[in-house]
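A.B. asks: here's my sequence, what's the structure:
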Amino acid sequence: MSSNSRIGKRDFSYDLLIIGGGISACVFASRYLQNNITKKIAIIEVGRGLGGRSSTRISKRFKGWKLNHGSPNFNISNRKDNLLLKNYIDELLQNKFIKIDDSEVISLSDETKLDAIKKSEFCSGTSYVSSFPMGELSQKIIEFNNLRDKIDLFFETLIVDLEFNDYEWNLTSKNGDQFKSKYLICSSNLLIHKRSLKILNINKIPLRKAIPKKKDKKIDLLLNFLDKQSFIPRLTFLIYTDENYSYKDFYSRKYRYFYLEKNLEDKYKFERVIFQLQDNNKLGIVIHTKNIDFINSYINKKDEDFFKETIFSNFNKLFINNTSVNQLICNEGISIMKWRASQPCGCAVPLSLQLSSKYRIGFCGDWFEGEGFGRIEGSIFSALKLYEKFKKSFK
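C.D. replies: Numbers count the residues shown, from 1 in each chain. Here you go, the predicted structure:
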């Protein structure tokens, strides 16, 4: 597997191109290589590495830390009744890529209501944790079937234009690189959603430009559904504690999850607080917020010192009487991650619209319908489902 950095304008040609480097892209790529070992494919990702929202922040400023700042674990709510998903999860378990997450999950409220959090969409079914940092799980999934080094990875590469000419896809990156391929998979929906208009500063959705209206009924329906889909923006605050910081109760598992019920979330602006034990036994803390006023305040101010003071103050007030969590002394390090489109919500896209045989394009990700909508479960299942359809249509 090779990685390409951005140096000048170049031309590339592949059998298959995948836009987006999240877990759905990696699951699809791995399945594809299992039965197409001679094919050459590429994954094009705008970020610095694989994983998407299931990624790991390896800080340049704070050396030695690996904090899972998106999804530190994932749950499968429908493994029992879904044979395709069950077999894949069993495969990941057998290869020791994942293991059952037995970490403590605590619901914070004015009154503790643990049953409420156990019933939430992020805790239903069985929870799993990667055997590696989450960012490495996607890498391991690809490497498992990439026996002949047939995948090229393009990081920090933003595709801004799509064309379909002479039964071939032509993609153009922001810096002018050209990619050609017979088949195209979109695991990210940026180039097919109306949010692309503002982000890319264009006047037409790239997929709509490539495939005009009434050329393909599935594509028309897909774009109609996506037009109704929105996203939950998030900020994550990554706190790097000093070597003396520890729990009050000597908890020893790798993770500890605190979820705030609505009354406390409104008061402190935190959605969840996740403690992550590092290999050097230091405790990292990742705080998630989806409070729109708080996020907009950050966007407008971009004052890290102000937010550090606010976050630490709210953290200490939240845990002031907690029997397991110590107070922060406010000399800890902090970094801030803004998720441009964190979690899809609203209208889910039907799985029946995953593949257009006419245009040789497929779609996967957590933005498709099902119990896994908006979660890693949906990402994995949609990728598995797409590959089954792809295999039947393009033998």
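
A.B. asks: from here on, contacts and neighbour counts on C-alpha atoms
C.D. replies: OK.

A.B. asks: and the gap between residue 201 and residue 191?
C.D. replies: Using Cα to Cα, to the nearest Å, one gets 12 Å for the distance from residue 201 to residue 191.

A.B. asks: compare the two (neighbour count), which wins?
C.D. replies: residue 191 (22 against 10; other Cα atoms under 10 Å).

A.B. asks: show me what contacts the more buried one?
C.D. replies: 160, 205, 206, 207 (Cα atoms under 8 Å, 6 or more residues apart in numbering).

A.B. asks: mark which of these are part of helices, please.
C.D. replies: Counting by DSSP state H, the contacts of residue 191 place 206, 207 in helices.

A.B. asks: pull out the buried residues from the contacts of residue 191.
C.D. replies: Using 16 or more other Cα atoms under 10 Å as the burial test, those include 160, 205, 206, 207 as buried.

A.B. asks: select the longest strand from this structure.
C.D. replies: Using DSSP state E to define each element, the chain has its longest strand at strand 333-346.

A.B. asks: report all helices and strands that that strand contacts.
C.D. replies: On a contact count with 3 or more Cα pairs under 8 Å, 6 or more residues apart in numbering; DSSP states H and E, strand 333-346 meets strand 229-240.

A.B. asks: after the strand it packs on, next one along is what?
C.D. replies: Later in the chain than strand 229-240, the nearest helix or strand by DSSP states H and E is strand 255-260.

A.B. asks: go ahead and measure how far whichever helix or strand comes after that next one is from the middle of the chain.
C.D. replies: Downstream of strand 255-260, the next assigned helix or strand under DSSP H and E is helix 262-268. Offset of helix 262-268 from its chain centre (Cα atoms, centre = their mean, to the nearest Å): 25 Å.

A.B. asks: equivalent analysis for stretch 261-281, please.
C.D. replies: Worked out by Cα atoms, centre = their mean, stretch 261-281 lies 19 Å from the chain centre.

A.B. asks: coming back round to it: return the closest of the buried ones among the contacts of residue 191 with respect to residue 173.
C.D. replies: Nearest to residue 173, judged by Cα to Cα, of the buried ones among the contacts of residue 191 is residue 160 at 5.5 Å.

A.B. asks: about what we covered before: what mean pLDDT does the longest strand of the chain have?
C.D. replies: For strand 333-346, the mean pLDDT works out to 84.

A.B. asks: and if you look at stretch 86-103?
C.D. replies: If you average the pLDDT over stretch 86-103, you get 96.

A.B. asks: just the buried positions in it, please.
C.D. replies: The neighbour-count check on stretch 86-103 (16+ other Cα under 10 Å) flags 88, 89, 92, 93, 97, 98, 99, 101, 103 as buried.

A.B. asks: thought residue 41 was touching residue 152, still the case?
C.D. replies: Yes: at 6.5 Å, residue 152 counts as touching residue 41 under the criterion of Cα atoms under 8 Å.

A.B. asks: neighbour count for the two, which is higher?
C.D. replies: residue 41 (22 against 17).

A.B. asks: in the sheet, which residues pair with the more buried one? Tell me.
C.D. replies: Residue 41 has these beta-bridge partners by DSSP bridges: residue 16, residue 151.

A.B. asks: which residue, other than its chain neighbours, is closest to residue 135?
C.D. replies: Spatially, and ignoring its direct neighbours in sequence, residue 135 is nearest to residue 55 (4.1 Å; Cα to Cα, 6 or more residues apart in numbering).

A.B. asks: how much space between that neighbour and residue 292?
C.D. replies: Residue 55 is 23 Å from residue 292, by Cα to Cα.

A.B. asks: helix, strand, or coil at the residue most central in space within the chain?
C.D. replies: Centrality entry for the chain: nearest residue to the mean C-alpha point is residue 53, 2.2 Å, by Cα atoms, centre = their mean. Using DSSP: H, G, I helix; E, B strand; the rest coil, the structure places residue 53 in coil.

A.B. asks: pretty sure it sits against residue 73.
C.D. replies: No: the criterion here is Cα under 8 Å, and residue 53 misses it with residue 73 at 11.2 Å.

A.B. asks: other SSEs contacting the lengthiest helix in the chain?
C.D. replies: If you go by DSSP H, the chain has its longest helix at helix 376-393. Under the contact definition 3+ Cα pairs under 8 Å, 6+ apart, helix 376-393 sits against helix 23-35, strand 74-76, helix 83-94, strand 355-356, strand 361-363.

A.B. asks: make a markdown table out of these and add distance to residue 267.
C.D. replies: A markdown table is the format used below for the helices and strands packed on helix 376-393 (distance: least, Cα to Cα, whole Å):
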| stretch | distance to residue 267 |
| --- | --- |
| helix 23-35 | 34 |
| strand 74-76 | 27 |
| helix 83-94 | 38 |
| strand 355-356 | 44 |
| strand 361-363 | 39 |
